[in-house]
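Participant: here is a sequence with its predicted model. Questions after.
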Number of protein chains: 2
Amino acid sequence: LNAVVIAATGVFTPEPTISNEELAVAFNAFADAYNQEHAAAIQAGERLAKKPIDPQQVEAITGVKSRHVLDKTGVLDPARMRPSFPIRTEGALSITASMGLAACEEALARAKRKARDVDVVICAASSMERPYPAIAVEIQHALGIEGFAYDLNAAGASAVFGVQQAASLIRAGQANSVLVVSPEICSAHVDWRDRDSCCLFGDAASAVLVEAAAIAPPGSWAILGAVLKTRYSDAIRWDAGFLGGSSNLLAQDARKVQKELAPFVSDMVLGHLAELHLEAKQLRRLWLSQLSVSVTKAVAQGVLGREPNADECPLLLETYANISSAGAIAAFHKTSGDLGAGERGLICAFGAGYAASAIFLAKAA
Amino acid sequence: LNAVVIAATGVFTPEPTISNEELAVAFNAFADAYNQEHAAAIQAGERLAKKPIDPQQVEAITGVKSRHVLDKTGVLDPARMRPSFPIRTEGALSITASMGLAACEEALARAKRKARDVDVVICAASSMERPYPAIAVEIQHALGIEGFAYDLNAAGASAVFGVQQAASLIRAGQANSVLVVSPEICSAHVDWRDRDSCCLFGDAASAVLVEAAAIAPPGSWAILGAVLKTRYSDAIRWDAGFLGGSSNLLAQDARKVQKELAPFVSDMVLGHLAELHLEAKQLRRLWLSQLSVSVTKAVAQGVLGREPNADECPLLLETYANISSAGAIAAFHKTSGDLGAGERGLICAFGAGYAASAIFLAKAA
């Protein structure tokens, strides 16, 4: 079997940011207007008054100070409270394809790889802008890549599911170079009128260039092993779809997720570590899905058997919030440069499904 | 590398059917009402009158006599002209998961395989009922399968893209038994008020059990080779999505598809045949996507170098119409039983993207 590496990664971050303070101003204006409009019903106990957002409390509970979003104006308009996207004109790149393209271009540049040498593009994300043509085919076309492309969805674990499928193609000799790209517009999943969840999400895209070790550029990461697991749960659910689901916005039972997801993920990691004859203490760093401070840290704690420190388990939540499948790759992208040859780490992505995934890496000499 | 086989297949066909005659009655009632309502504007040349459907003409042009749909009542209600689906109650299987489940159960029964021996479920279809949890995870759960599951989309080529990814997992030693399931509710993509396209589509689901040759049941099909290709095109497009696309229903430029897609697919097949040192005349049967009589036959003609006969290129269009990614597998499922040991065939799926895919098979001894 061909050995496989992560050759390089890229991240696209939309420029606009929304601080907790800005979000509170918009949300509280919406809440005031709502409470005024429904004052009689609220007084009669027929409706609940909307409570205001306290920016400091948001930070204390979620660890999030700010998040990047594609469209700040729409989200912060108290009369709208959701992003507004231009209708794509004929021939223009779709929105998620343009985000993904930027992330791919960074990964290719870092690997000094020309796009035409790539064989496959997998767009692996927790939502797709349209059913067809596949977003991956649009990105493939924009990059000028021959070969094939398709879309894959395993929610917050999509990127690592994509990397593992890419690795299988390479191991089986069917490709040498595969881009796995994860554009995430979580700002369009979330109900910005829901005080409890609207603070938690942001937008970004990641890209991973997965390659045969035989053609790997310097500074790549050997994939020592990988494991994927899914177990059905309704606790994180988004029913938007062509059949008309019961809700058009994300719903989650945060308490259930906290209780069930973290042990599911850490048990999977520990099981595969044992198969690789590795111990958790041999992992220099854990790059985890940025789901929330509590779930992300609980996974690290489950793997390490103790509280992780910030160097072992880097968090991007402060400035990115939860960016779904792009989170674990973005954490790796931003905090892997200081590891030396032979040092090992773990990219571990998880989320709705439940879906859990981990790849064990060693920095090449 | 582990050798890979198609162990068995399954097809779920919804019971209700709509004949051309029934469709014409409903459509023409809608068209009459429309023309009456807009009589002034039509007379003033500001609107086009809706032309009626002639059932015999539909059959003559498309080859379709009837199609299966999940919800006949909603489609044939002239005031509605689209299917109506019940809101899924808590704990109930989603609609596409229940279709897929039925197809998987048939494939498992044919292979005499217990669900718990399956490692992976890939839901490979041209649209997903919701972003998350993945439909594949729900089917995995309903079957009681450990391991993992995810959703994949390459439009009409999805099923064969899924089979090829399954084959890579098996070749690379990461799975032994993979279900690739393709539930398609095309009746919810299509505009039943559009005379030109509404006759063309139907609903169904297919399943393929892909396995390592080492554990293959009797009567399986060796995968000799496979090839996937995508090339971006807007000619078949469905923009339904969470960002609010410009159209909520499928649009296609049939003339462009006819001109571009068939040679793209047949050239790919001929190229891979040469790599396998095979000639087209060594293929006993071609099981192709049931896109339309003209495109499907044009692909067969491109491969064979002459007009195909009905035995070489079986068509399901008469009773199924276009069932997207389920079409090529359904054709294989229904018309492969008479081939003998050593006989070769080709499953070739294609559609929007453009996406094209082919797997070359030989019936095991």
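Facilitator: Yep, that arrived. Residues are numbered from 1 along each chain as shown, chains lettered A, B, ... in the order given.
Participant: quick one, what contacts the closest residue in space to A:Leu152 that isn't next to it in sequence?
Facilitator: With sequence-adjacent residues excluded and distances taken as CB to CB, 6 or more residues apart in numbering or on different chains, A:Leu152 is closest to A:Ala124, at 4.4 Å. Heads up, the C-betas are built off the backbone N, CA and C, glycines and all. By CB atoms under 8 Å, 6 or more residues apart in numbering or on different chains, the contact set of A:Ala124 is A:Asp151, A:Leu152, A:Asn153, A:Ala154, A:Ser158, A:Ala159, A:Phe161, A:Gly162, A:Val180, A:Val181, A:Ser182, A:Ser325.
Participant: which one of those is nearest A:Gly345?
Facilitator: Minimum distance to A:Gly345 across these is 15.4 Å, recorded for A:Ala159 (CB to CB).
Participant: mind checking how far that closest one is from B:Glu318?
Facilitator: 43 Å (CB to CB, to the nearest Å).
Participant: neighbour count winner among those two?
Facilitator: Regarding A:Ala159 and B:Glu318, a neighbour count based on other CB atoms under 10 Å in any protein chain shown identifies A:Ala159 as having more, with 35 against 15.
Participant: quick check: the more buried one touching A:Ala349?
Facilitator: Yes - if you go by CB atoms under 8 Å, A:Ala159 and A:Ala349 touch, sitting 5.8 Å apart.
Participant: shared neighbours, these two?
Facilitator: Overlap of the contact sets of A:Ala159 and A:Ala349 (by CB under 8 Å, 6+ apart) consists of A:Ser325, A:Ala328, A:Ile329.
Participant: among those, find me the one that's closest to B:Pro308.
Facilitator: Comparing every one of these with B:Pro308 (CB to CB), the shortest separation belongs to A:Ser325, at 43.2 Å.
Participant: so which elements touch the helix ranked longest in chain A?
Facilitator: Under DSSP state H, the helix in chain A containing the largest number of residues is helix A:254-275. Taking 3 or more CB pairs under 8 Å, 6 or more residues apart in numbering or on different chains; DSSP states H and E as the contact definition, the neighbouring helices and strands of helix A:254-275 are strand A:221-230, helix A:293-304, strand A:344-351, strand A:355-363.
Participant: which strands and helices lie in contact with the first one?
Facilitator: The one in question is strand A:221-230. Helices and strands in packing contact with strand A:221-230 are listed as strand A:4-12, helix A:158-171, helix A:254-275, strand A:355-363, helix B:135-143, strand B:148-153; criterion 3+ CB pairs under 8 Å, 6+ apart.
Participant: check contacts around the residue in the stretch 201-350 of chain A positioned nearest to chain B.
Facilitator: When distances are taken as CB to the nearest CB, the stretch 201-350 of chain A reaches nearest to chain B at A:Tyr232, 3.4 Å away. Applying CB under 8 Å, 6+ apart, one finds that A:Tyr232 lies in contact with A:Gly353, A:Tyr354, B:Pro133, B:Val137, B:Glu138, B:Gln140, B:His141.
Participant: 10 Å - rerun?
Facilitator: A:353-355, B:97, B:133-134, B:136-142, B:149 (CB atoms under 10 Å, 6 or more residues apart in numbering or on different chains).
Participant: turn those residues into CSV, columns for pLDDT.
Facilitator: CSV is the format used below for these (pLDDT from 0 to 100):
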residue, pLDDT
A:Gly353, 94
A:Tyr354, 97
A:Ala355, 97
B:Ala97, 96
B:Pro133, 93
B:Ala134, 95
B:Ala136, 98
B:Val137, 98
B:Glu138, 97
B:Ile139, 98
B:Gln140, 98
B:His141, 97
B:Ala142, 97
B:Ala149, 98
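Participant: what strands line up against the helix or strand bottoming out on mean pLDDT in chain A, and which way round?
Facilitator: When the helices and strands of chain A are compared on mean pLDDT, DSSP states H and E, strand A:251-252 comes out lowest with a mean of 82. Each strand paired with strand A:251-252, and its direction, by DSSP bridges: strand A:236-237 (antiparallel).
Participant: list the contacts of the strand it pairs with.
Facilitator: Surrounding strand A:236-237, the residues in contact under the criterion CB under 10 Å, 6+ apart are A:126, A:155-156, A:245-247, A:250-254, A:256-257, A:261, A:291, A:351-355, B:130-133.
Participant: and the buried ones among these, selectable in ChimeraX?
Facilitator: For anyone working in ChimeraX, the buried entries among the contacts of strand A:236-237, judged by 16 or more other CB atoms under 10 Å in any protein chain shown, can be selected with:
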select /A:126,155,156,245,250,252,254,257,261,291,351,352,353,354,355 /B:130,131,132,133
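Participant: from A:Ser233, how far off is the closest residue to A:Leu228 other than its chain neighbours?
Facilitator: For A:Leu228, the nearest residue in space outside its immediate sequence neighbours is B:Phe148; the separation is 4.1 Å by CB to CB, 6+ apart. Using CB to CB, one obtains 14 Å as the distance from B:Phe148 to A:Ser233.
Participant: up against chain B, what does the stretch 201-350 of chain A have?
Facilitator: Proximity of the stretch 201-350 of chain A to chain B is confined to A:226-250, A:268, A:324 under the rule CB under 10 Å from any CB of the partner chain.
Participant: give me the buried entries from those residues.
Facilitator: Neighbour-count burial (16+ other CB under 10 Å) applied to those gives A:226-233, A:235-243, A:245, A:249-250, A:268, A:324.
Participant: and the angle for the longest helix of chain A with helix A:293-304?
Facilitator: Regarding helix A:254-275 and helix A:293-304, their directions subtend 20 degrees when assessed with axes from the mean of the first three to the mean of the last three CA atoms, to 10 degrees.
Participant: tilt between helix A:254-275 and strand B:148-153?
Facilitator: In terms of direction (the same axes, to 10 degrees), helix A:254-275 departs from strand B:148-153 by 110 degrees.
Participant: which residues touch the one residue in the stretch 1-150 of chain A that gets nearest to chain B?
Facilitator: Residue nearest to chain B within the stretch 1-150 of chain A: A:His141 (3.4 Å; CB to the nearest CB). If a contact means CB under 10 Å, 6+ apart, then A:His141 has A:Leu93, A:Ala97, A:Leu101, A:Val121, A:Pro133, A:Ala149, B:Thr230, B:Arg231, B:Tyr232, B:Ser233, B:Gly353 as its contacts.
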